[in-house]
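Chemist: Quick one: sequence plus predicted model below, questions after.
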Amino acid sequence: MAVHSLRPALQNRLSAALRGEILFDAFSRGRYATDASFYQIMPVGVAVVRGEEDVAAALAIAREEGVTVLARGGGTSQCGQTVNDSLVLDTSKHFNGILELDPANRRCVVEPGIVLDELNRALKPHGLWFPIDVSTASRATIGGMAGNNSCGTRSIRYGMMRDNVIAIDALTADGRKIRFDAVSRDEALRNAAGPDEGLFRDLLTFGAENADEIRERFPNVIRRVGGYNVDALLPNGPTNKLADLLVGSEGTLALSTRIELKLSPLLGRKLVGACHFARFYDAMDAAQHIVPLGPTAVELVDRTMIELARDIAMFRPTVERFVRGEPDAVLLVEFAEEDMAENDRRLRMLGEVMGDLGYGWDRDGRNWGGVVEITDAGLQAAITEVRQSGLNIMMSMKEAGKPVSFVEDCAVPLEHLADYTDRLTAIFEKHGTRGTWYAHASVGCLHVRPVLNLKLEKDAKAMRAIAEEAFEAVRAYKGSHSGEHGDGIVRSEFHDMMFGGRMVELFERVKDRFDPGGVLNPGKIVHAPRMDDRNLFRYGPAYRPAGMTPALDWSAWKSPAAGFQGAVEMCNNNGACRKLEGAVMCPSYRVTRNERDVTRGRANSLRLAISGQLGQDALASDEMMETLKLCVSCKGCRRECPTGVDMAKMKIEVLAARRARYGLGLRDRLVAYLPRYAPLAARMPWLMNLRDRVPGAASLTERLTGLTAKRSLPAWRRDRFDPRGQAVGPEDGREVLLLPDTFNVYFEPENLRAALSVLTAGGYRVHLAGPLDGGRPLCCGRTFLSVGLVEEAKVEATRLMAAVLPFARRGVPIVGLEPSCLLALRDELASVLPGRDAETIGSHALLLEEFLAREADEGRLALPLSPVAGKAYLHGHCHQKAFAAMGAVEKVLRLVPGLEVEAIASSCCGMAGAFGYQAETYDVSMAMGELSLLPAVRKAEQDAMIVADGTSCRHQIEHGTGRQPVHVARVLAQALATTAEPAEGRA
């Protein structure tokens, strides 16, 4: 990676002139050095622009300072469009408003940084949407989509970005403001006056002079985004829509400031047919016969994607519901006409077409197959999520080789699709690799990524050879070598091969007429570098292994640093962590909108640090701690990141390195050693609770410990939970081991007592987990891990393992109440003490609600529950969501007769253990809660129950709303027809 020298004059001028943030430090620049491609180029600096004035000022200053400029939105480009040795203008944080909305005329005007999903959320109440439904809709910005000429799943119905962009207001490289709209040819050719200063005249002249060549050389396929859209300059009528020329120009011609869009009515109910095929070739051949039925989409899911999705917890249930048997490929055919009867008719016709082609469920060999009809809207949405995650599912491979994007979105006419895919597969095999396939069979644009390890010179050479042979095949079939994801660095150099020299000269003339100084994103579309220049790779010739020994076990990844480096490198910059609504990931980013505070930004910083690209000892540096400061270890990324980046676990490595160098402060000691001093503190709760009872004490302790005075601490209880016997409940009952955790033992013992009541009422023989030496209660070690004391966590884990392993070995479920503690047995335990014993314990560890739900499913649960009238609002702990336990909570609550249950759609509550108590992170903690959870609780009926199983969650809700949430165990205990006194005493 080329590292620029600092540019203090540029930085100072930008800081004085712009309202947005100016970022020139190495960590920030490194976070913008990559996109979702395999390239990496260190930018000069970053300006997080606040509006058009900032863009204009930054452009002028950069031009004067001799620096090039790169506009960037979500940074998810797959071809290297959004990396360059330039000043990066990040539009996504501030420059993202809706300027005009005209529902009657189905149009709107937006700023370039608005995210597609955010726009569609605003349009939905008006019955409208912007229909370029890209798979990255949760983070792709409209400016980036316009720059890339993005296409969506339903492009066969709605076309591409250029078909849905009405006009663009933009700044040219020399600072002129020009509106690119419908232009009269006669007026433009006759008159050189106006703000464009003859630009339109010259462009239309280019088109007229090269009309025959353009018509001859441009592929006649729906999906063509390669080169500039110079076909927009052809003399086809009295006007030309010149916005089409900016669409797909990858920020090389002008910088968009306002984009006018054409909107469409929302789709209604849909029907989907999942066509199963025993052979991939046959699925491709069938596409040409299915498209005439008029579907809104035909999407491919191949065997590799199905198998990988089955291995990902969040996708497995969906795959099992729509995939029958072991198909080699599935085509998902969607019908979305306004008339549902018409959709029914077309779905029936789909079955007939499959039958006419010779497929049937009762047939063998290549003729096995048929249609699985999918009418449930929830399942359709879940399938869409799997399909849209296709790229990232493919990237979840843990091996050194990864599916690499460089020939992945070529498009060919449908009649050649099967032969093309067959030919490309043979090319892959010739070079010793294989491809993974998915995406848009309806338009002949299939995403395919051969598996390569670009750290190796031989694989880089293989990539080059594959590209040349693949593009030659595309040309033979009169297709497009760039069908969706643009040109960037990957494809730009091949324009001569695909379009011919005269067309490339035309592209260069267009670029030079707009930007004669080469200020805007140079090296893209024209004057491109070699796509296989390894000096531009993320893992180039100088990339070196990490010289570190990790504190945890990362052996699942076969790579340097005992696997840790490989785990970090799993981040492919897809940007799924940048979504602003839905699920959990990434709560801190949702508050700050900073690249630093998103999982992708943190992973990039870690990769650069451990490979020596951010200076010596960067892993333990203050800059790294600042990068991870707002990571709340929610584990949302563990489940929701399609490539499985577990930033909560990675943060432990940073904390361990930091602790080894600097030791621990008082606050970290108070947090870490809580399980060890708790028995003593519980003997004098009156003293330990003085901090929140004596005026001024909280402020004093904030100065001493850094624990905020704005929030009370958990109150120590004299009646702590203390088991009086080794087991309670019927002696002949099914065995259960209850694991009391530190937080419920000392601060909310009523939860453990309620759990005992429920379990014994259900007829279970409940063993109470305790240390073999009879000393202080057991601990999972999480408090030590939270500050990087891995060795101390091992001590606690060893004690716990000795106590619970005998039960696990004989199949006794290990049940706990606190999600962060119990689920540590399924997660961190194997990283702290790897081996079969940890795996055995993890496989038997269940939250109370998971255990009860499983027992209910198997017909073994017999709880005498009385009706409880009213409503319960349920907030899920982040770790419950990360381990797919929320369904069990809802199921168990619904066992209570008469109780109405509603899950609150929320991300992290913001408390996150000690995070919400830290003075410097208190405000962010509350902002996280205010995103959705706290407003939802305030709106809840006063007589409704608020249910939250996490200790932190309950404290945050009570602090932020005044409502007192309860654990699910207490809800069940309340509903018991008769409550038996648990055999447990008090200290």
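Modeler: Now that the structure is in, tell me what you want to look at.

Chemist: how far does stretch 585-597 sit from the chain's center?
Modeler: Chain-centre distance of stretch 585-597: 12 Å, with Cα atoms, centre = their mean, to the nearest Å.

Chemist: scratch that, stretch 129-146
Modeler: Taking Cα atoms, centre = their mean, one finds the center of stretch 129-146 at 15 Å from the center of the full chain.

Chemist: Same check on stretch 709-729?
Modeler: With Cα atoms, centre = their mean as the basis, stretch 709-729 stands 38 Å off its chain's centre.

Chemist: Ok, stretch 96-107 next?
Modeler: Mean C-alpha position of stretch 96-107 versus that of the full chain (Cα atoms, centre = their mean) differs by 28 Å.

Chemist: do stretch 247-255 as well
Modeler: Offset of stretch 247-255 from its chain centre (Cα atoms, centre = their mean): 26 Å.

Chemist: I'd like the mean pLDDT over that stretch, please.
Modeler: Per-residue pLDDT over stretch 247-255 has a mean of 98.

Chemist: So what touches it?
Modeler: Identification of contacts with stretch 247-255 by Cβ atoms under 8 Å, 6 or more residues apart in numbering yields 55, 59, 69-71, 81, 89, 146-149, 161-162, 165, 168, 170-173, 178, 180, 225, 228-229, 245-246, 486-488, 510-511, 514-515, 520-522, 524-526. Placement of C-beta: from N, CA and C, glycine included.

Chemist: first to last residue in it, what's the distance?
Modeler: Distance between the two ends of stretch 247-255: 11 Å, counting by Cα to Cα, to the nearest Å.

Chemist: which residues in the stretch 51-200 of the chain form strands?
Modeler: Per DSSP state E, counting those that start in this stretch, the stretch 51-200 of the chain carries strands over the ranges 69-72, 87-90, 98-102, 107-110, 128-129, 165-172, 177-180, 182-184.

Chemist: okay, the ones you listed in JSON lines with mean neighbour count, distance to L267 and mean pLDDT next?
Modeler: Below are those laid out as JSON lines (neighbours: other Cβ atoms under 10 Å; distance: least, Cβ to Cβ, whole Å; pLDDT from 0 to 100):
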{"stretch": "strand 69-72", "mean neighbour count": "28", "distance to L267": "31", "mean pLDDT": "98"}
{"stretch": "strand 87-90", "mean neighbour count": "26", "distance to L267": "32", "mean pLDDT": "98"}
{"stretch": "strand 98-102", "mean neighbour count": "13", "distance to L267": "20", "mean pLDDT": "98"}
{"stretch": "strand 107-110", "mean neighbour count": "21", "distance to L267": "18", "mean pLDDT": "98"}
{"stretch": "strand 128-129", "mean neighbour count": "20", "distance to L267": "8", "mean pLDDT": "98"}
{"stretch": "strand 165-172", "mean neighbour count": "21", "distance to L267": "20", "mean pLDDT": "98"}
{"stretch": "strand 177-180", "mean neighbour count": "18", "distance to L267": "30", "mean pLDDT": "97"}
{"stretch": "strand 182-184", "mean neighbour count": "16", "distance to L267": "28", "mean pLDDT": "94"}
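
Chemist: Any idea which of these gets closest to D117?
Modeler: Of all the strands of the stretch 51-200 of the chain, it is strand 128-129 that lies closest to D117, at 10.3 Å by Cβ to Cβ.

Chemist: which strands and helices sit next to the closest one?
Modeler: Counting contacts by 3 or more Cβ pairs under 8 Å, 6 or more residues apart in numbering; DSSP states H and E, strand 128-129 is packed against strand 264-265.

Chemist: What mean pLDDT does whatever helix or strand comes next after the strand it packs on get?
Modeler: The helix or strand immediately downstream of strand 264-265 is strand 271-277, counting by DSSP states H and E. Strand 271-277 shows a mean pLDDT of 97.

Chemist: which residues sit against strand 271-277?
Modeler: Here strand 271-277 has contacts from 283, 286, 290, 322-325, 327-336, 340, 343-344, 346-347, 350-351, 354, 359, 368-375, 380, 383, using Cβ under 8 Å, 6+ apart.

Chemist: Figure out the helix or strand that F507 lives in.
Modeler: Per DSSP H and E: F507 is located in helix 501-514.

Chemist: tell me which strands and helices that helix is in contact with?
Modeler: Packing contacts for helix 501-514, counted by 3+ Cβ pairs under 8 Å, 6+ apart, involve helix 199-209, helix 211-217, helix 495-499.

Chemist: Buried ones in the second one, by neighbour count?
Modeler: Spelled out, that is helix 211-217. By neighbour count on 16 or more other Cβ atoms under 10 Å, the buried set for helix 211-217 is 211, 213-214, 217.

Chemist: next one: the last one
Modeler: Of the residues in helix 495-499, 495, 497-499 count as buried by neighbour count, 16+ other Cβ under 10 Å.

Chemist: what mean pLDDT would you report for the strand or helix carrying Q565?
Modeler: Here Q565, judged by DSSP H and E, is contained in helix 564-568. Mean per-residue pLDDT for helix 564-568: 94.

Chemist: what's next to it, contact-wise?
Modeler: Helix 564-568 is contacted by residues 398, 400, 545-546, 548, 550, 552, 554, 556-560, 603, 606-607, 610-611, 645-646, 650, 653 when judged by Cβ under 8 Å, 6+ apart.

Chemist: repeat that with 10 Å
Modeler: Helix 564-568 is contacted from outside by 398-400, 544-546, 548-561, 602-611, 644-647, 649-650, 653, using Cβ atoms under 10 Å, 6 or more residues apart in numbering.

Chemist: The helix or strand just after that helix: which residues count as buried?
Modeler: Later in the chain than helix 564-568, the nearest helix or strand by DSSP H and E is helix 587-592. Residues 587-591 are the ones in helix 587-592 that count as buried (16+ other Cβ under 10 Å).

Chemist: One more: stretch 709-729?
Modeler: Neighbour-count burial for stretch 709-729, counted by 16+ other Cβ under 10 Å, picks out 709-714, 716-717, 720-723, 727-729.

Chemist: Over to stretch 457-469?
Modeler: Under the neighbour-count criterion of 16+ other Cβ under 10 Å, stretch 457-469 has 459-460, 462-463, 466-467, 469 buried.

Chemist: what residues are up against G207?
Modeler: By Cβ under 10 Å, 6+ apart, G207 lies in contact with 185, 214, 230-236, 240, 245, 506, 510.

Chemist: Let me know the closest of these to C410.
Modeler: Nearest to C410 among the contacts of G207, counting by Cβ to Cβ, is D231 at 19.1 Å.

Chemist: so how far is K262 from the closest one?
Modeler: The spacing between D231 and K262, counted by Cβ to Cβ, to the nearest Å, is 19 Å.

Chemist: so where's the stretch 601-750 of the chain shaky on pLDDT?
Modeler: Where the stretch 601-750 of the chain drops to pLDDT under 70, the residues are 724-725.

Chemist: Spell out the residue ranges of the helices in it.
Modeler: Using DSSP state H, counting those that start in this stretch, the helices of the stretch 601-750 of the chain run over 622-628, 636-640, 647-662, 666-672, 674-681, 685-688, 697-705, 742-746, 749-761.

Chemist: Repeat that for the stretch 851-987 of the chain.
Modeler: Along the stretch 851-987 of the chain, counting by DSSP H, counting those that start in this stretch, helices occupy 878-882, 886-893, 922-931, 933-939, 951-961, 968-975.

Chemist: Can you say which of the ones you listed is packed in most?
Modeler: helix 878-882 (a mean of 27; mean count of other Cβ atoms under 10 Å).

Chemist: Now do the same contact list for the residue nearest to K881 when sequence neighbours are not counted.
Modeler: The spatial neighbour of K881 that comes closest, neighbours along the chain excluded (Cβ to Cβ, 6 or more residues apart in numbering), is V584 at 5.4 Å. Going by Cβ under 10 Å, 6+ apart, V584 touches 590, 632, 634-640, 876-882, 906-908.
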